[in-house]
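Student: Let's see this in three dimensions:
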Amino acid sequence: MASRFKQYQGLGWVFYHSNGIISFPDSVLEIEYPVKVGDVIAEGDTMYDLVLASYEEHEFDELVDVSSIRRFRGVFLCFNLGSSWTGWGYGDTKEEALEMLDDQYGIFDDLF
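Tutor: From the prediction side, this is the model:
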């Protein structure tokens, strides 16, 4: 039986935009620009435009009004809802990533 979770531990990207937060591990969103872990880049920064343009090349959903982009190292998780996968939750630990997924998608609602 296949796992209901996809997990990645390592580097990724976090985009803060008008509809909330979206994150991707490097295994899904390959962007080659040298941004240090923990760095937050904002609109007006040269790297901001380059990273956002690379995101758009991947043909993911359009992000509206991105305020900043963060380089993140940690745990990324997504959950199989049955008919589709959730977006990626992230955190310093697996528990934090699970909590984020639960906050966004209510993945544990049926368990309690």
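
Student: okay, the lowest-mean-pLDDT helix or strand in the chain in CSV with CA atoms only?
Tutor: Ranking every helix and strand in the chain by mean pLDDT, DSSP states H and E puts helix 46-57 at the bottom, with a mean of 91. Listed next in CSV are the C-alpha coordinates belonging to helix 46-57 (Å, rounded to 0.1, in the frame of the first residue of the first chain):
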residue,chain,number,x,y,z
THR,A,46,17.2,41.5,-8.1
MET,A,47,17.1,38.0,-6.9
TYR,A,48,13.3,38.3,-6.2
ASP,A,49,12.6,38.9,-9.9
LEU,A,50,14.8,36.0,-10.9
VAL,A,51,13.3,33.5,-8.5
LEU,A,52,9.7,34.6,-9.3
ALA,A,53,10.5,34.2,-13.0
SER,A,54,11.8,30.7,-12.4
TYR,A,55,8.7,29.8,-10.5
GLU,A,56,6.5,31.0,-13.4
GLU,A,57,8.5,28.7,-15.8
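
Student: next structured bit after that helix?
Tutor: Using DSSP states H and E, the helix or strand that follows helix 46-57 in sequence is strand 68-79.

Student: which residues are contacting the helix or strand following that following strand?
Tutor: Downstream of strand 68-79, the first helix or strand assigned by DSSP H and E is strand 89-91. Strand 89-91 has contacts (Cβ atoms under 8 Å, 6 or more residues apart in numbering) with 12, 14, 23, 25, 72, 74-78, 96-101, 104. C-beta coordinates here come from the backbone N, C-alpha and C atoms, glycine included.
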